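> coordinates only, sequence not included:
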């Protein structure tokens, strides 16, 4: 059975997916960038090369993925009605996906064609987006992008099969909690793999048994 | 300067120091015992021997310690007034401390002498207990035992110098939060050391700069 998988979801030691005072200019909040320092070192992200555990974690997120689902904020900064916005995503002419992408939104929007990737806009709920994504993925898995709020919705609905989480040893003290608002739903996962990287982050694979 | 140090403080991946439904019979709540499985393997705790990282972490908690502070629940199950209780602690005739122990309580109690250890009862606040403990420690550090509520009080008061924390890769989904109620106070710590054990727990040393 194809799976719904989350990859490269980072949280601080005290459980935050973003620091305090998030804004459009600072979507991960104060110090939020520190959550991603380790993967900016990887070759995959244009860095000089990170420890193998980190390279593998990044690469795993692209294996056997036939479609992606993301929240609207991950697609772009436009809020509310789309109006005559000609925003086509953050990624330029050739987005890195090379498969269909389903964007969750409350407001209808025609599909957007880019090189290798078509963005479809889904305004009838997360289950509908998931059905469409599985259909488009042709038997491969579906990757669930961010943001954390979208991931929490899918986890709470019991729809996420695999949650690849990265714990970064920094302390925020405030910000957007990653797991806590999910509460008991997170209890449904088993910790299947724990890999500690020399970069000091810990890669965890949580699976729904 | 002597320090106030916390050791062997374990939390789940989702930040709980105890599972849901804590009770006198089950002080760490449901599944709470899983937080301590790794150290029950160590020689120090009578186990067959754990990975070196775990043995070292346990041993570090006993180095250069001249006095201990603990909450009343860590001393025993008696609640409210002591009345004619003859409770002398969980540890029998020779407690493992071999130095003065200061028990925080709202209710006065005469000191209790055991082999190598005297238990003093402090009912005028956490600062008073700390002063008395430093005086008794004769230049060595003071160790702050549990429970988590007592540790949070000292952290929030800015009195903890070193917090040795262990992250255990299990998910509770509910229970007693370790760091979150401390909020911004935890922000005052730097993560000075991260040691990943083959037992899959991560040992972290947080220090106040």
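Alright, I've got the coordinates. No experiment lies behind these values; they were computed from the predicted model shown.

> for the most centrally placed residue in chain A, what are its contacts?
Taking C-alpha atoms, centre = their mean as the criterion, residue A:145 is the residue nearest the geometric centre of chain A, at 2.6 Å. Applying C-beta atoms under 8 Å, 6 or more residues apart in numbering or on different chains to residue A:145 gives the contacts A:68-71, A:74. Placement of C-beta: from N, CA and C, glycine included.

> please report how far it lies from residue A:123.
17 Å (C-beta to C-beta, to the nearest Å).

> repeat for residue A:157
Counting by C-beta to C-beta, the gap from residue A:157 to residue A:123 is 17 Å.

> and the residue nearest to the centre of chain A, its phi and psi?
Backbone torsions of residue A:145, given as degrees, to the nearest 10, read phi -80, psi -160.

> and the pLDDT at it?
For residue A:145, the pLDDT comes out at 94.

> the longest strand seen in chain A and chain B, are they touching?
In chain A, assigned by DSSP state E, the strand with the most residues is strand A:4-12. No - between strand A:4-12 and chain B, judged by C-beta under 8 Å from any C-beta of the partner chain, nothing touches; the nearest distance is 9.2 Å.

> so in that sheet, which strands flank that strand, and in what orientation?
Strand A:4-12 pairs in its sheet with strand A:141-144 (parallel), strand A:162-168 (parallel), by DSSP bridges.

> can you give me the mean pLDDT across it?
The average pLDDT for strand A:4-12 rounds to 95.

> give me the residues contacting the helix or strand that comes right after that strand.
Going down the chain from strand A:4-12, the next helix or strand is strand A:16-18, by DSSP states H and E. Residues external to strand A:16-18 that are found in contact with it (C-beta under 8 Å, 6+ apart): A:9-11, A:27-29, A:32, A:35, A:147-148, A:172, A:174-178.

> most neighbours, which of those residues?
residue A:172 (29 neighbours; other C-beta atoms under 10 Å in any protein chain shown).

> could you check how far that residue is from residue B:182?
With C-beta to C-beta as the criterion, residue A:172 and residue B:182 are 12 Å apart.

> please apply the same query to residue A:35.
20 Å.

> what is the mean pLDDT for the lengthiest helix in chain A?
Ranked by residue count under DSSP state H, the longest helix found in chain A is helix A:126-137. Averaged over helix A:126-137, pLDDT sits at 98.

> please apply the same query to stretch A:73-90.
88.

> equivalent analysis for stretch A:160-170, please.
On average, stretch A:160-170 scores 95.

> cool, and stretch A:180-192?
Averaged over stretch A:180-192, pLDDT sits at 84.

> what sits against residue A:135?
Contacts here follow C-beta under 8 Å, 6+ apart; on that basis residue A:135 touches nothing.

> cool, and residue A:147?
A:17, A:27, A:71, A:73-74.

> could you rerun that using 6 Å?
A:71, A:73-74 (C-beta atoms under 6 Å, 6 or more residues apart in numbering or on different chains).

> so which of those residues sit within helices?
A:73-74.

> and which of the contacts of residue A:147 is nearest chain B?
residue A:71 (22.0 Å; C-beta to the nearest C-beta).

> need the three-state assignment for the residue nearest to the closest one when sequence neighbours are not counted.
For residue A:71, ignoring the flanking residues on the chain, the nearest one in space by C-beta to C-beta, 6 or more residues apart in numbering or on different chains is residue A:150 at 3.8 Å. Here residue A:150 is helix, with the state taken from DSSP: H, G, I helix; E, B strand; the rest coil.

> my guess is residue A:150 meets residue A:72, correct?
No - using C-beta atoms under 6 Å, residue A:150 is not in contact with residue A:72, being 8.8 Å away.

> chain A against chain B: which residues are in contact?
Proximity of chain A to chain B, by C-beta under 6 Å from any C-beta of the partner chain, involves residues A:14-15, A:169, A:171, A:173-174, A:179, A:183-184, A:186-187, A:189, A:191, A:194, A:196, A:200, A:202.

> could you look up the SS state of the residue of chain A positioned farthest from its centre?
Distance from the C-alpha centroid of chain A peaks at residue A:84, with 27.3 Å (C-alpha atoms, centre = their mean). Following three-state DSSP, the label given to residue A:84 is coil.

> what separation do you get for it and residue A:91?
Residue A:84 is 21 Å from residue A:91, by C-beta to C-beta.

> with residue A:81 instead?
23 Å.

> out of those two, which sits in the more crowded spot?
residue A:91 (15 against 11).

> work out for me the element the more buried one sits within.
Going by DSSP H and E, residue A:91 is not part of any helix or strand.

> excluding sequence neighbours, find me the nearest residue to it.
Nearest to residue A:91 is residue A:114, by C-beta to C-beta, 6+ apart, at 7.5 Å.

> that neighbour touches residue A:95, doesn't it?
Yes - the pair residue A:114 / residue A:95 is scored as a contact, 5.3 Å apart, by C-beta under 6 Å.

> okay, these two: which has more neighbours?
Higher neighbour count among residue A:114 and residue A:95: residue A:95, with 20 against 17, using other C-beta under 10 Å.

> can you show me the helices along chain A?
A:37-40, A:52-60, A:72-75, A:126-137, A:148-156.

> can I get those in JSON lines with distance to residue A:23?
Converted to JSON lines, the helices of chain A look like this (distance: least, C-beta to C-beta, whole Å):
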{"stretch": "helix A:37-40", "distance to residue A:23": "20"}
{"stretch": "helix A:52-60", "distance to residue A:23": "27"}
{"stretch": "helix A:72-75", "distance to residue A:23": "12"}
{"stretch": "helix A:126-137", "distance to residue A:23": "26"}
{"stretch": "helix A:148-156", "distance to residue A:23": "15"}
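
> ok, which of those comes nearest residue A:102?
Closest approach to residue A:102 among these (C-beta to C-beta): helix A:126-137, 4.7 Å.

> between that closest one and helix A:148-156, how big is the angle?
Going by axes from the mean of the first three to the mean of the last three C-alpha atoms, to 10 degrees, helix A:126-137 is angled at 90 degrees with respect to helix A:148-156.
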